[in-house]
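Asker: here is the input, now give the coordinates:
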Amino acid sequence: MFELITNANVYAPQSLGIVNLLICAGKIVYLGQQVPQLDDCLPVQTTDLNGLRLIPGFIDAHTHITGGGGEAGPSTRVPPLGLSQFTRAGVTSVVGLLGTDDLTRNPQTLLTQVMGLREEGLSAWCYTGGYHVPVITLTQSIRSDIVNLDPVIGVGEVALSDHRSSQPTLNEILRLASEAHVAGLMTGKAGIVHFHLGDGARGLSMIRACLEKSEIPARVFNPTHVNRNKALFEEACELTKHGCTVDLTAFPAGNDDTGWSAEAAVALYFEKGCDQQKLTISSDGGGCMPSFDAQGELLKMDFAQSSAMVITLKAMLELELPIEKILPLMTSNVASLLKFHHKGRIETGLDADLLVLNESHEIDSVMANGAWHIRQGEQLIHGLFED
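Answerer: So this is what the prediction gives:
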């Protein structure tokens with residue numbers, strides 16, 4: 001079936017004004033001012049948006065799709081995430097990863113979860129490895145995983161400056177980065193190392209040392225959670241000047257006492273005049289969000305959800321940050337870093353991953369790979385084991 005979308009106020013992420021789109025076989029096949037004229041024998045479903053905003057689907061590049069947690073015992077393991085937990089949040093592409101628990105959860109289960117989400121209509125990829133070094137792999141090497149397993153695009157999340165990390169050495173991190181980079185060259189994939197940053201005093205010093213002591217391109221080093229404390233955020237802003245892309249986490253409300261909320265961090269980043277193409281936002285969906293004391297004892301636990309993406313978008317718009325400047329942080333910037341050349345923008349020939357926003361900046365409809373998952377607030381497609 002052809003999908004015709006008319007009178008859409010498109011941000012691609014740049015503003016295109018009121019235009020019409022034709023979708024076929026999961027792709028945008030027409031984008032323009034005219035309404036395409038199709039033969040009467042062709043099946044066409046038409047959606048008139050009446051001027052509502054149409055934006056690219058979010059790419060959530062840090063999600064614990066098999067569930068995170070387990071840091072306070074087996075009962076604290078977060079269950080795997082279902083399809084609609086992403087689509088309700090406007091997420092049409094995900095990158096799954098392992099965190100603290102890269103033992104009872106492993107690359108086999110992660111890869112299987114990726115394939116399951118793909119079968120249900122979402123675009124999904126994953127990293128190999130987890131918090132700890134040596135990293136766990138499926139084929140006994142990082143390079144082999146990236147080269148031989150289609151969904152694997154890099155390594156992550158490798159923990160730095162955190163009491164839960166394996167305290168890797170500089171040479172160990174350089175070896176990881178080298179393996180990822182070369183595999184990326186061989187395949188055209190991202191080939192990055194995605195780093196979890198904790199609250200440790202060493203901050204981003206390990207990554208700075210890697211840049212100083214090696215020829216590995218700066219784009220390979222991709223730290224996340226950089227808004228978790230204010231000193232780390234300042235370091236991250238400086239790191240972008242060397243060519244690294246840094247990732248903010250859309251922390252839940254009330255979780256930013258010592259750091260910055262994603263929307264506040266974005267506003268500060270823009271004020272500093274930092275490179276807007278070197279900043280992204282992810283949710284840490286499914287990941288536990290524990291608080292520890294100075295001895296590493298657990299004080300309390302929460303877990304993140306991909307819904308933080310759309311909540312953060314709304315918060316940024318309410319701060320009157322320009323939509324054309326903030327949309328890339330969840331769409332085109334992510335696609336560029338991860339080399340998802342068919343994602344992150346609304347353009348003829350690219351995948352039809354689309355969100356419709358209502359006047360209150362909330363999600364009205366979600367299309368992933370050309371299929372409506374949510375249409376005018378109604379959930380049309382559920383995961384197999386979802387209500």
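
Asker: ok, A267 to I153 distance?
Answerer: 30 Å (CB to CB, to the nearest Å). Yep, even glycine has a C-beta here, placed from its N, CA and C like the rest.

Asker: between these two, who's got more neighbours?
Answerer: Remark: of A267 and I153, I153 carries more neighbours, 27 against 17, as counted by other CB atoms under 10 Å.

Asker: these two touch, right, that one and G191?
Answerer: Yes - using CB atoms under 8 Å, I153 is in contact with G191, at 7.5 Å.

Asker: tell me, what's touching these two both at once?
Answerer: Taking CB atoms under 8 Å, 6 or more residues apart in numbering as the contact rule, I153 and G191 both touch I146.

Asker: low pLDDT regions in this structure?
Answerer: 70-71, 252-257, 288-292, 296-302 (pLDDT under 70).

Asker: show me it divided up by domain.
Answerer: 2-55+344-379, 57-338 (automatic domain parsing).

Asker: roughly how far out does the first one sit from the chain middle?
Answerer: Relative to the chain's own centre, domain 2-55+344-379 is displaced by 22 Å; criterion: CA atoms, centre = their mean, to the nearest Å.

Asker: and if you look at the last one?
Answerer: Chain-centre distance of domain 57-338: 8 Å, with CA atoms, centre = their mean.

Asker: what distance do you get for Y11 to Y269?
Answerer: Taking CB to CB as the measure, Y11 falls 20 Å from Y269.

Asker: looking at the two, which has the bigger crowd around it?
Answerer: The neighbour comparison of Y11 against Y269 (other CB under 10 Å) goes to Y269, with 23 against 20.

Asker: surely that one touches E238?
Answerer: No - with contact defined as CB under 8 Å, Y269 does not reach E238; the gap is 11.6 Å.

Asker: returning to what we had before: quick one, which of the domains of the chain is packed in tightest?
Answerer: Sort those by mean neighbour count, taking mean count of other CB atoms under 10 Å, and domain 57-338 sits at the top with a mean of 20.

Asker: with adjacent residues omitted, what lies nearest to T224?
Answerer: Leaving aside its sequence neighbours, T224 sits nearest to D247 (CB to CB, 6 or more residues apart in numbering; 3.9 Å).

Asker: show the backbone phi and psi for that neighbour.
Answerer: When read as degrees, to the nearest 10, the backbone of D247 gives phi -120, psi 130.

Asker: contacts only, for it.
Answerer: For D247, the contact set (CB under 8 Å, 6+ apart) comprises 61-62, 194, 222-226, 279-282.

Asker: and the two most separated of those?
Answerer: With CB to CB as the measure, no two of those lie farther apart than H194 and L279, at 14.9 Å.

Asker: pull the longest helix from this structure.
Answerer: Counting by DSSP state H, the longest helix found in the chain is helix 170-187.

Asker: quick check: angle from whichever helix or strand comes after that helix to helix 170-187?
Answerer: With elements assigned by DSSP states H and E, the helix or strand that comes after helix 170-187 is strand 192-197. Orientation check (axes from the mean of the first three to the mean of the last three CA atoms, to 10 degrees): strand 192-197 against helix 170-187 gives 140 degrees.

Asker: report the backbone C-alpha coordinates of the helix or strand that strand 192-197 is followed by in CSV.
Answerer: Where DSSP H and E defines the elements, the next helix or strand beyond strand 192-197 is helix 205-213. What follows is helix 205-213, C-alpha atoms only, in CSV (Å, rounded to 0.1, in the frame of the first residue of the first chain):
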residue,chain,number,x,y,z
SER,A,205,41.3,11.8,31.3
MET,A,206,41.6,8.3,29.8
ILE,A,207,40.0,9.5,26.5
ARG,A,208,42.2,12.6,26.4
ALA,A,209,45.3,10.4,26.9
CYS,A,210,44.1,8.2,24.0
LEU,A,211,43.9,11.2,21.7
GLU,A,212,47.3,12.4,22.8
LYS,A,213,49.1,9.1,22.5
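
Asker: tell me what angle helix 205-213 forms with strand 192-197.
Answerer: 140 degrees.

Asker: what's helix 205-213 packed up against?
Answerer: Packing partners of helix 205-213 (3 or more CB pairs under 8 Å, 6 or more residues apart in numbering; DSSP states H and E): helix 170-187, strand 221-224.

Asker: so can I have TSV of these showing distance to A25?
Answerer: Formatted as TSV, the helices and strands packed on helix 205-213 follow (distance: least, CB to CB, whole Å):
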stretch	distance to A25
helix 170-187	25
strand 221-224	32
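
Asker: out of the ones you listed, the one nearest A308 is which?
Answerer: Of all the helices and strands packed on helix 205-213, strand 221-224 comes closest under CB to CB, at 13.5 Å.

Asker: please work out which residues outside the closest one touch it.
Answerer: For strand 221-224, contacts defined as CB under 8 Å, 6+ apart pick out 62, 154, 156-157, 160, 177, 192-197, 204, 207, 210-211, 236, 239, 244-249, 282, 284, 337.

Asker: then stretch 338-345?
Answerer: For stretch 338-345, using CB under 8 Å, 6+ apart, the contacting residues are 12-13, 56-57, 59, 61, 93, 95, 123, 125, 153-154, 184, 188-190, 192, 328, 331-336, 349-351, 353.
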